[in-house]
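In: 3D, please:
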Amino acid sequence: MDPEASLEVLNLNENKESVDISTVSGLKMIPIEAGNFVMGCDTGDYDEVPVHKVNIKKPFYISAEPVTFRQYEELHPGFRDSLMKVMRLNYDKEVKSIPEYDSIYKDTDPVVGITWHDAVEFCDWLNKKEGRPLTNHLIYRLPTEAEWEYAAQFDSTVLGLKKILGIEQWTMDWYGPYIDKDQSNPAGYSDGTSKVTRGGSEWTFKESMRPSNRMSFLPEDRFAKLSFRVVLGEPSFSYIKEQPIPNCEKNVSQTKYNWKEHNSTADKVIFIPPIPFVKIPEGSMGPLFSEHNHFPSITWCPNGDLLATWYTDLGESSTQLNIAASRMRCDNDEWDPPSLFWSLADRNDHSSAIWTDTTTGQLYHFQGIGSFPHQVNQALAMRTSNDNGATWTYPEIINTVRSMWNPHVVMRTREGTLIVTSDLNWIRPIIGRIILSHDNGKTWHAPKGHIIGQHPGIVQLKDGSIMAVGRDNWFPNSLCPGFGLPISESKDWGETWSYRREPSLSGGIDGSQRPVLIRLREGPILYIGFTNQKYAKPPQGIMITDENGNQHMVYGMFSALSFDEGKTWEYHKLITPGPEKKEYNGGGNTRIFTTDATHAEPLGYLQATQSPDGIIHLISSRLHYRFNLAWLKTPTVTE
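Out: Alright, predicted model coming up:
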């Protein structure tokens, strides 16, 4: 039977005589009848509900299996060879948990390592090659998310569909939450950030390989387990007009805040007891999770607001790891209820860093994007906001090597260079690194040098060099023997580093913590870290001098200041609300702890920013501390 004749039969919904057809490239196309089905799963992940009825109004053809390397190479000859080079070069061998890419792809293997745009290009090429659209206005295109799930729900053996599960596949749709409404010929949202993928793979958890499970990926990104199949059908769809607006982006004031007017408290001693910024109700199972909230970042906004982000998940290795955010509105003493800030579905997007350019007021968001189930095999994306975080630009992938990119700290040097710190590996000793841009974010370079320790903070010194500190981690002595916090310094933009240890900053911070290293507006460098209470036996403390001139051994979170570019450190101070015993929930890995005259928060992931009014905003995994330089220079009160 002539293919066009079979299409007419199918289009008339008279399937008695419809038959499989083949494209000119040899893709076997399977006919799928029109009909109704229930989309989603009320026992699946949070984004598979609400379950809703979908009407597929028109029949369509779907390729029996994903497009193969042989078929794709009709469009791009030699793609396999270039892909192998990309996979070998663009995956960092220092991250030992990334799989090797030395296998040989066969002609009949599903084509992988292509972007969503590549897949669309192939469909367009196929249409031109066959002269479509023809009489029935049918075109080759990617399946909608609904079409893919509709086909996957049938008995694949009877239909002749192969590899519907087990190899991840692009779909047409922008990712977004389901709406509680029956739909006809849906194609998701009219815009978005990521495209829906379906099917799962051995690189995802087994639970992902279900017909109703949803994943998503940036359409410009690629990795070695993502393929596609094509549909031949009508190009008529129903779209949802607007993505839901998260709470942190609603009703954001655009009135510029007069920070100088509020800077009259510089000489006063200010300390405000900690309050929670993570306020997720117990039992929340997505997109915000009450189980585990960790890895925070904080910045100030030109309108006087504070903005904080962190990851929220069921466990750090889970693919159910999203980025949450909360906003403290100008002149408000409480944080808003949190909302979703970033999510690629079923990805371990580990983690986010936000920062405000003091000169322009532009906000930056750097985001690690995972494809492997843990925090490796990542891309690094950047987006910006010029309206106090009410809207953000479309994310741009800024790294050239897919590796371990989980951003921590952002800064701009006096020369205008943007620097983002990141971790590098999961082998021991664990080290950090930087990625930098000399042209305001247009191009980026990852220097070869390594920072001792993970989760590094960074400052520029007056001589132009950069200094970084990271958590000490496990077996660090092979890089820098001795006692004290490991300090890394570079005079060549991170290509090489020199190392030393600073005994006055305790013995180093352990593997459950992240330090703060920032330059204050008043000039000194501020370090905040922890004494080693978790791994040291007996627990390690630090000696401080109290308000009466007496010395005490104290434990937990402490600060120190350097007025000579990191050569010496003074004003060691325990960051505690006071001598009275108080109990707090530190969230993250910290949980419940008690503070008093000699004990502060025992561990946590720290981040800090100093707003233009001089207030230092320090956040741990759950709590927000506020104080100023005058308070840091006062002795710790022990009575």
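In: any idea how far Lys462 is from the residue nearest the centre of the chain?
Out: The residue lying closest to the centre of the chain (Cα atoms, centre = their mean) is Asp349, at 3.4 Å. Between Asp349 and Lys462 the computed distance is 37 Å (Cβ to Cβ, to the nearest Å). The way it works is simple: take the backbone N, C-alpha and C, and place the C-beta from them, glycine included.
In: thinking again about what came up before, is it correct that the residue nearest to the centre of the chain is in contact with Leu340?
Out: No. Using Cβ atoms under 8 Å, Asp349 makes no contact with Leu340, being 11.6 Å away.
In: Find residues that contact each of the two.
Out: Common neighbours of Asp349 and Leu340 (criterion: Cβ atoms under 8 Å, 6 or more residues apart in numbering): 322-323.
In: Model confidence score at Tyr91, please.
Out: Listed pLDDT for Tyr91 reads 49.
In: how about the nearest residue to Asp596, chain neighbours excluded?
Out: In space, and not counting its chain neighbours, Asp596 is closest to Lys581: 4.8 Å by Cβ to Cβ, 6 or more residues apart in numbering.
In: Now do the same contact list for that neighbour.
Out: Residues near Lys581 by Cβ under 8 Å, 6+ apart: 594-596.
In: May I ask which of these has the most neighbours?
Out: Thr595 (24 neighbours; other Cβ atoms under 10 Å).
In: now this protein, which segments are flagged as low pLDDT?
Out: Within the chain, the segments meeting pLDDT under 70 span 1-20, 84-103, 135, 156-157, 203-205, 264-266, 372-374, 473-478, 507-512, 534-535.
In: Where do the helices of it begin and end?
Out: For the chain, applying DSSP state H gives helices covering 3-11, 69-72, 79-89, 116-130, 145-153, 156-159, 629-632.
In: between the contacts of Lys581, which is nearest Met467?
Out: Closest approach between the contacts of Lys581 and Met467, by Cβ to Cβ: Thr595, at 30.0 Å.
In: Contact partners for the closest one?
Out: Taking Cβ under 8 Å, 6+ apart, we find Thr595 in contact with 556, 576-578, 581-582, 584, 601.
In: Repeat that for Phe122.
Out: Applying Cβ under 8 Å, 6+ apart, the residues near Phe122 are 67, 72, 75, 228, 230.
In: Pick the one among these closest to Lys58.
Out: So of the contacts of Phe122, ranked by how close each gets to Lys58 (Cβ to Cβ), first place is Val230, at 16.2 Å.
In: I'd say that closest one and Leu138 touch.
Out: No. Using Cβ under 8 Å as the test, Val230 is too far from Leu138 to be in contact (11.7 Å).
In: Domains of the protein: list them as residue ranges, please.
Out: What automatic domain parsing lists as the domains of the chain is 3-240, 259-405, 407-505, 513-639.
In: Off-centre distance for the longest one?
Out: In this view, domain 3-240 has its centroid 25 Å away from the chain centroid, taken as Cα atoms, centre = their mean, to the nearest Å.
In: And the second one, by the same measure?
Out: On the basis of Cα atoms, centre = their mean, domain 259-405 is displaced by 9 Å from the centre of the chain it belongs to.
In: Quick one: end-to-end length of that domain, please.
Out: Domain 259-405 has an end-to-end distance of 34 Å (criterion: Cα to Cα, to the nearest Å).
In: picking that back up, save the contacts of Phe122 as a markdown table, and put in neighbour count and distance to Ser25 too.
Out: Formatted as a markdown table, the contacts of Phe122 follow (neighbours: other Cβ atoms under 10 Å; distance: Cβ to Cβ, whole Å):
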| residue | neighbour count | distance to Ser25 |
| --- | --- | --- |
| Val67 | 24 | 8 |
| Tyr72 | 25 | 9 |
| Leu75 | 16 | 9 |
| Phe228 | 28 | 14 |
| Val230 | 24 | 10 |
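In: which residues does Tyr140 contact?
Out: Tyr140 neighbours (Cβ under 8 Å, 6+ apart): 23, 123, 126-127, 130, 132, 230-232.
In: where's it relative to Ser238, distance?
Out: Applying Cβ to Cβ, the value for Tyr140 to Ser238 is 20 Å.
In: cool, and Ile451?
Out: 51 Å.
In: Comparing these two, which residue is more hemmed in?
Out: The neighbour comparison of Ile451 against Ser238 (other Cβ under 10 Å) goes to Ile451, with 31 against 14.
In: residues touching the nearest residue to that one once chain neighbours are set aside, list them.
Out: The shortest distance from Ile451 to any non-neighbouring residue, by Cβ to Cβ, 6+ apart, is to Gly432 (3.8 Å). Shown in contact with Gly432 (Cβ under 8 Å, 6+ apart): 408, 421-424, 450-456, 468, 470.
In: residue ranges of the strands in the stretch 401-550 of the chain, please?
Out: 407-412, 418-423, 431-437, 451-452, 454-460, 466-471, 485-490, 498-502, 516-519, 525-530, 542-545 (DSSP state E, counting those that start in this stretch).
In: With distance to Phe295 as added columns, please give these in JSON lines.
Out: Formatted as JSON lines, the strands of the stretch 401-550 of the chain follow (distance: least, Cβ to Cβ, whole Å):
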{"stretch": "strand 407-412", "distance to Phe295": "9"}
{"stretch": "strand 418-423", "distance to Phe295": "11"}
{"stretch": "strand 431-437", "distance to Phe295": "15"}
{"stretch": "strand 451-452", "distance to Phe295": "18"}
{"stretch": "strand 454-460", "distance to Phe295": "9"}
{"stretch": "strand 466-471", "distance to Phe295": "13"}
{"stretch": "strand 485-490", "distance to Phe295": "21"}
{"stretch": "strand 498-502", "distance to Phe295": "25"}
{"stretch": "strand 516-519", "distance to Phe295": "14"}
{"stretch": "strand 525-530", "distance to Phe295": "16"}
{"stretch": "strand 542-545", "distance to Phe295": "25"}
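In: Most tightly packed of these?
Out: When these are scored by mean count of other Cβ atoms under 10 Å, the highest mean neighbour count falls to strand 451-452 (a mean of 29).
In: what's next to that one, contact-wise?
Out: 421, 429, 431-434, 468, 470, 476, 479-480, 486-488, 497, 499.
In: quick one: which two of those are the most distant?
Out: Maximum pairwise distance among those (Cβ to Cβ): 18.9 Å, between Ile434 and Pro476.
In: check contacts around the residue nearest to Phe223 when sequence neighbours are not counted.
Out: Of all residues not flanking Phe223 in the chain, Ser371 sits nearest, at 4.1 Å (Cβ to Cβ, 6+ apart). Residues in contact with Ser371 (Cβ under 8 Å, 6+ apart) are 203, 217, 221, 223, 225-226, 347, 377-379, 402.
In: Pick the one among those residues closest to Cys330.
Out: Using Cβ to Cβ, the contacts of Ser371 come closest to Cys330 at Arg347, 33.5 Å.
In: Apart from its chain neighbours, what residue comes closest to the closest one?
Out: Of all residues not flanking Arg347 in the chain, Gly370 sits nearest, at 4.8 Å (Cβ to Cβ, 6+ apart).
In: The one you found contacts Ala381, doesn't it?
Out: No. When contacts are counted by Cβ under 8 Å, Gly370 is not listed as touching Ala381 (11.4 Å).
In: give me phi/psi at Gly566?
Out: phi 80, psi 0 (degrees, to the nearest 10).
In: so what's it closest to, chain neighbours aside?
Out: Nearest residue to Gly566, sequence neighbours excluded (Cβ to Cβ, 6+ apart): Met467, at 5.4 Å.
In: who does the one you found bridge with?
Out: Listed by DSSP bridges, the beta-bridge partners for Met467 are Val459, Glu489.
In: which residues does it contact?
Out: Contacts of Met467 (Cβ under 8 Å, 6+ apart): 458-461, 487-489, 517, 525, 565-566.
In: Now with 7 Å, please.
Out: Contacts for Met467 (Cβ atoms under 7 Å, 6 or more residues apart in numbering) come out as 459, 461, 487, 489, 566.
In: could the domains of the chain go into CSV alongside distance to Asn247?
Out: Formatted as CSV, those follow (distance: least, Cβ to Cβ, whole Å):
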stretch, distance to Asn247
domain 3-240, 14
domain 259-405, 4
domain 407-505, 23
domain 513-639, 17
